[in-house]
Each structure stands twice: as C-alpha cells, then as structure tokens.
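Peer 1: 3D model of this:
(chains A, B, C and D)
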Protein chains: 2
Amino acid sequence: MKLKKHASDSPRERILEVAGQLFYQSGIRAVGIDSIIAKADVAKMTFYKHFKTKDMLVVEFLKRRDERWRAWFEEAVYRLAPQAQDRPLALFDALEERFRMADFRGCAFINTMVEVADGDHLAHQTAAEHKQKVQGFIQSVLVEAQIDNAKELSKAFMLLIDGAIVTAVREKNPNSAKEAKRIAASLISNS
Amino acid sequence: MKLKKHASDSPRERILEVAGQLFYQSGIRAVGIDSIIAKADVAKMTFYKHFKTKDMLVVEFLKRRDERWRAWFEEAVYRLAPQAQDRPLALFDALEERFRMADFRGCAFINTMVEVADGDHLAHQTAAEHKQKVQGFIQSVLVEAQIDNAKELSKAFMLLIDGAIVTAVREKNPNSAKEAKRIAASLISNS
DNA sequence: CAGTATACAGACAGGTCTGTATACTTGGGG
DNA sequence: CCCCAAGTATACAGACCTGTCTGTATACTG
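Peer 2: Coordinates of the predicted model:
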C-alpha cells in the first residue's frame, strides 16, 4: 500500500508520485491530503513545508503531468511512425495505446477543468497551456508530413482527439481512437 | 436569491429546479444540500422526504436534464433547418446556439461522469443512456436527409459533438461548433 | 371541529476536510 | 562529539458535509 521510501528518494518526489496516481484515478476533490501523505509515507508537516496549499500541489501535479504526457506522446508517435508522412495518422494510434492502459480515465486536464468549475483558477490556465503545447506538436507533425494548412488542420485534430478521449471514457472502450483516425484520414485526403 | 414559492409550486419541483441550476453551474460535489434547500426555500426534512439521498437527487437531476436537453435540441434543429436535407449540418448550428448561452459550462453528463469517478455509479448509466438517445436522434436526422451509412456516420457525429463541447469549454469560445460543422460537412460530401 | 398530511424551522450527531501547533527522533557535517 | 536541519508523530481548530431528530404551523377533509 505504502510507497517504499527508497522508491523515489525525496519526500517531495514521493508526494508528487502518489498525488499523480490518486488525483488522476479518483479526481482532485475526492482525494484528501491525509490519503496522500499516508500512501507517500510522509508526515503532514513535511507535506505543508513543500506545498503551501493543496491547490499548489494540484498545479505542480498538472505541470508534471504535462511534461510526462507529452514526452510519452511524442515518443509513441515517432516509434509508431518512423516515416514523417505516416505520423499524422499515427497520432491516433498513439492515442489508442493510451486508451488501452489499465488506469486510463480520460485527460487529466479536461477532468480538472470540469472539477474546478471556477474558470479563473490557476488550474484552468495550466490546462490551457498544456493543450496549446500539444497542438504545437501536432502542427509540427503535419508540417513535417508536408501537409498544407497545418495550422488549421491541427485545430481540427485537437477537436478529434478531445472527442475521442471523451468518447473512450464514456463508452469505456478504446475504439473511438480508430473512429477519430478515420475522420482524420478523410480530412487529409480532402485537403 | 431565494426561489419564490409560487414560482414553481411543489417543493419537489423547486428542489429540482434549484438543483438543476447549482449542479450544472458549480458541479455536484461543490453544491451542498444546505445551499439547495436554502435557495429552494424548503425544509431539510421535506427534502429528505422527496429524495432518499443526495445521490438520488443527482439521478433525478440527470433524467430531467436529459429530457429537457433533447427537447430543446430537437426543437432547435427543426427550427434552424425546416428542410430535411439541411438538418445534419444544422445539428452544429444548434450546438453553437447552446455554446453561446451565458451559463454554458459543457455537457452535464460528461461533467458528472468525470466528477463521479466510480464507473459503476448510477450516474454513469444515466449518462450513457442520454448519449445513446442523442445518437438515435442524430441517426434519424441523417436517415431523413437520405444519407447513406446513417448509423456509422451518427457515431462520427457524436464524437464531433463531444469534441466541440470540450473544446468550447476549454477555450471559453463557441467557435468549435463551426469547426465541427466543417469536419461534418467534409464527411458528408465524402461518403 | 377533529384528524391527517404536508411543510417549515432549526438544532444536532458524526464524519470529512484543510491547515496549524507542538514535541520528539535521527542522521550527517563541522 | 555535538548541533541542527529535516522529517516524524500526533493532536487540534475550524469549516463544511450528509442525514436525523424534535417540534410547530398550515391546510385540506370528513
């Protein structure tokens, strides 16, 4: 149950590791500080020394997730499509890989924006930045595949990706990735 | 602040009316029973006579929202497109109308599924049924417009709709409806 | 008028949550 | 060998949550 201390050395690291799992799995409001410190095997005061408030932990959690998610995504796309011209559609194969992971529960950023209804909250800004960075990557993939209108098309792809994610959660089924891929293929062949 | 008693006669009606506003606006977990009964001007025991638990109220809230949402959607589509062959794309015009409403905060069913992480919860089932019914309506619109592959295409349209909703929330901007409409048009012309 | 159903008002129990305060332990560097 | 920074353990304040309880008021019905 508990995270072994040597598993990830510093308390701060252990907290972020555990928070990453619990927040994503159960949502932010549903996870209390007490659960986090228990699983991370850290004292409460140590927690509050490293993170001023729970909100601050949430922001750090999102930043960390952004970095790791994009690193994984880019790796997966390049691995699945070594040739540049295959990469645009491989975006959706990577997505499907993600959907098939045992702990998949949608996009942490969408989920957070839904949970934190207040649009002025820092979490909203962090989520917006994440999606912007992902769109940037998609655009670069389209450019490298020598597809016209890369910027416009990247917006359409983002919409398809978000739609596929929500559908996968809703139907508890990864097939929406293939559906989105078909639509994307139709868009490319018609541009 | 309070809901006038004559506004909607029975206490049960007042509770559902208020819960509908507050749950959609701030999320389910964020709204306590006390806020609801205060704004609905109802005694606590009266509340618990009509709804066994908060969860039961949530389910009633979703059922009501399903009925009203679909009634509105169908009315809007027929109003915006009197001719059957114009209706498939008018789905997205109706959506945009919705996105422009002052209190728009995404799809109540998606939001609820995100907030209630437990996939076995009744709310998940209710949300799944809602989406199923919407897809049925879309399929009938496609059939009436004499479009082939109506069933397959209705799935694609659902994905586009969910994607547009999430994007509208994320960007706080109703333009995603037009984006989804363009994609839908491309799908139709290529089928 | 009596009886019954419905709703209101507000206190309360028992639990959860965040964040703080206090005192104890421990390990590494000067 | 001693110090002190970092971490631990635990109790606590105060807010808020769901759901229950007691008692009162009002309105319909026979």
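Peer 1: all strands for chain A, in order.
Peer 2: Taking DSSP state E as the criterion, chain A contains no strands.
Peer 1: would you list every one of the helices in it?
Peer 2: Ranges of helices in chain A, per DSSP state H, are A:11-26, A:33-40, A:44-50, A:54-80, A:87-99, A:108-115, A:122-144, A:150-171, A:176-189.
Peer 1: and the gap between residue A:169 and DNA strand C?
Peer 2: Note on residue A:169: its distance to DNA strand C, by CB to the nearest atom of the strand, to the nearest Å, is 23 Å. From N, CA and C alone the C-beta is placed, and that goes for glycine too.
Peer 1: how about residue A:10?
Peer 2: Distance of residue A:10 to DNA strand C, given as CB to the nearest atom of the strand: 13 Å.
Peer 1: so for that residue, what's the pLDDT?
Peer 2: The score at residue A:10 is 85. That number is its pLDDT.
Peer 1: near chain B at all, stretch A:79-98?
Peer 2: No - residues of stretch A:79-98 contacting chain B under CB under 8 Å from any CB of the partner chain: none, with a closest distance of 11.6 Å.
Peer 1: before we move on, back to that, okay if I get the helices of chain A as CSV plus mean neighbour count?
Peer 2: Putting the helices of chain A into CSV (neighbours: other CB atoms under 10 Å in any protein chain shown) gives the following:
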stretch, mean neighbour count
helix A:11-26, 19
helix A:33-40, 18
helix A:44-50, 14
helix A:54-80, 16
helix A:87-99, 21
helix A:108-115, 23
helix A:122-144, 18
helix A:150-171, 22
helix A:176-189, 19
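Peer 1: report the residue ranges of every domain in chain A.
Peer 2: Listed domain ranges for chain A are A:1-51, A:54-189 (source: automatic domain parsing).
Peer 1: CSV for the helices of chain A, including distance to DNA strand D?
Peer 2: Listed next are these as CSV, based on distance: least, CB to the nearest atom of the strand, whole Å:
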stretch, distance to DNA strand D
helix A:11-26, 4
helix A:33-40, 8
helix A:44-50, 4
helix A:54-80, 12
helix A:87-99, 32
helix A:108-115, 15
helix A:122-144, 20
helix A:150-171, 24
helix A:176-189, 33
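Peer 1: which of those sits closest to residue B:75?
Peer 2: Residue B:75 lies closest to helix A:150-171 among the helices of chain A, at 24.5 Å (CB to CB).
Peer 1: low-scoring stretches of chain A, by residue?
Peer 2: Residues of chain A that meet the criterion pLDDT under 70 lie in A:1-8.
Peer 1: turn the domains of chain A into TSV, including distance to residue B:166.
Peer 2: Formatted as TSV, the domains of chain A follow (distance: least, CB to CB, whole Å):
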stretch	distance to residue B:166
domain A:1-51	17
domain A:54-189	4
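Peer 1: closest one to residue B:130 among those domains?
Peer 2: In terms of CB to CB, the element of these nearest to residue B:130 is domain A:54-189, at 9.8 Å.
Peer 1: distance of residue A:151 from residue B:182?
Peer 2: Using CB to CB, to the nearest Å, residue A:151 is found at 14 Å from residue B:182.
Peer 1: meant to ask about residue A:70
Peer 2: Distance of residue A:70 to residue B:182, given as CB to CB: 27 Å.
Peer 1: do residue A:76 as well
Peer 2: In this view, residue A:76 and residue B:182 are 28 Å apart by CB to CB.
Peer 1: then residue A:170?
Peer 2: Distance of residue A:170 to residue B:182, computed by CB to CB: 24 Å.
Peer 1: OK, contacts around residue A:73?
Peer 2: Going by CB atoms under 8 Å, 6 or more residues apart in numbering or on different chains, residue A:73 touches A:94, A:98, A:134, A:137.
Peer 1: one more time with 7 Å
Peer 2: residue A:94 (CB atoms under 7 Å, 6 or more residues apart in numbering or on different chains).
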